[in-house]
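Colleague: need the 3D shape of this:
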Amino acid sequence: MEEFDFEPVEILVANAVKKHLFPCAALSVALDGVILYRCWYGAKTYAPWIGKIGSDAVFDLASLTKPLVTAISFMLLTDNGVLDLNEKIPAFFEQVPGDKADISIKHLLSHASGICAHESFYHGKYASELAAHANRIDLACRLILAMPLAVRPGTRNIYSDLGYILLGHIIEKITGQAPFDFAMQEVFKPLGIEGFFWSEDPALSWKQVVPSGFCQTRNRC
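Modeller: Sure, this is the predicted structure:
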């Protein structure tokens, strides 16, 4: 097999860590299923007492779950004829306000629904209500649908976490499974993709997780 010189890559990533572009990185290069290079750089945080990361480090994919789980699940459901992307959300939620009645699944997937970008449900005016509710996702969706739109649906693209919360709940309503469970069963396992965990997976040790930032609410990483 042809020999590859990865030293320039090593220098590039090591310098990025040294310059605090990010605290750590994991790099793996494979060709035809054979791993040619694998290395880990830096520590989980910039704190001097935190040790270097290694092969057991787990990185949070964060918003990549939108394309990797939610969007791909809708592609599969559409391909299987289970739903139409032009279907409007009143087909999936009760008491949808009139200003949102024309929002389609396609609008939500393309961030063109007009729904606001974000809402901090974990603190503020909604926190106690959500904490006491038996089905927090269901309540969160009702709260989202009750919020004023940022713009009229289909007129502008606004990256919306809230829109994808609605999409995740639609997957659950259609399949009877949580979005990650459905994607794992129907997408990842058939493709032989391993190494994904949901945040509540019992196989996941929080000691392995690389923090994605400092949480101002909990005052910790």
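Colleague: quick one: low-confidence parts of this protein?
Modeller: 1-2, 130, 132-134, 199-206, 213-221 (pLDDT under 70).
Colleague: which parts of the protein are strands?
Modeller: Counting by DSSP state E, residue ranges of the strands within the chain are 24-31, 34-42, 58-59, 209-210.
Colleague: for S104, find the nearest of those.
Modeller: S104 sits nearest to strand 58-59 of all those, at 33.3 Å, using CB to CB. C-betas here are computed from N, CA, C, even on glycine.
Colleague: for the helix or strand that that closest one is followed by, packing partners?
Modeller: Next helix or strand after strand 58-59 toward the C-terminus (DSSP states H and E): helix 65. Using 3 or more CB pairs under 8 Å, 6 or more residues apart in numbering; DSSP states H and E as the contact test, no helix or strand touches helix 65.
Colleague: wait, which of the strands of the chain is closest to F121?
Modeller: strand 209-210 (21.8 Å).
Colleague: tell me the strands beside the closest one, with direction?
Modeller: strand 58-59 (parallel) (DSSP bridges).
Colleague: rewinding a little: can you redo the strands of the chain as a markdown table with distance to Q177 and mean neighbour count?
Modeller: Converted to a markdown table, these look like this (distance: least, CB to CB, whole Å; neighbours: other CB atoms under 10 Å):
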| stretch | distance to Q177 | mean neighbour count |
| --- | --- | --- |
| strand 24-31 | 30 | 14 |
| strand 34-42 | 32 | 14 |
| strand 58-59 | 23 | 15 |
| strand 209-210 | 24 | 18 |
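Colleague: JSON lines for those, including distance to L162?
Modeller: Listed next are the strands of the chain as JSON lines, based on distance: least, CB to CB, whole Å:
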{"stretch": "strand 24-31", "distance to L162": "31"}
{"stretch": "strand 34-42", "distance to L162": "33"}
{"stretch": "strand 58-59", "distance to L162": "25"}
{"stretch": "strand 209-210", "distance to L162": "25"}
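Colleague: who's in contact with H118?
Modeller: 160-162 (CB atoms under 8 Å, 6 or more residues apart in numbering).
Colleague: and of the residues you listed, the nearest to D32?
Modeller: Nearest to D32 among these, with distances taken as CB to CB, is D161, at 37.9 Å.
Colleague: I figured that closest one hits S120, correct?
Modeller: No - with contact defined as CB atoms under 8 Å, D161 does not count as touching S120 (10.3 Å).
Colleague: can you pick out the residue with more neighbours from these two?
Modeller: Between D161 and S120, counted using other CB atoms under 10 Å, D161 has the larger neighbour count: 15 against 10.
Colleague: could you find the closest non-adjacent residue to the more buried one?
Modeller: H118 (5.0 Å; CB to CB, 6 or more residues apart in numbering).
Colleague: ok, V82 - contacts?
Modeller: Contact analysis of V82 by CB under 8 Å, 6+ apart lists I174.
Colleague: that one and K106: what is the separation?
Modeller: Going from V82 to K106 by CB to CB, to the nearest Å gives 15 Å.
Colleague: skipping its backbone neighbours, what lies nearest the residue most central in space within the chain in space?
Modeller: By CA atoms, centre = their mean, the chain has its centre lying nearest to T65, at 2.8 Å. Leaving aside its chain neighbours, T65 sits nearest to F180 (7.5 Å; criterion: CB to CB, 6+ apart).
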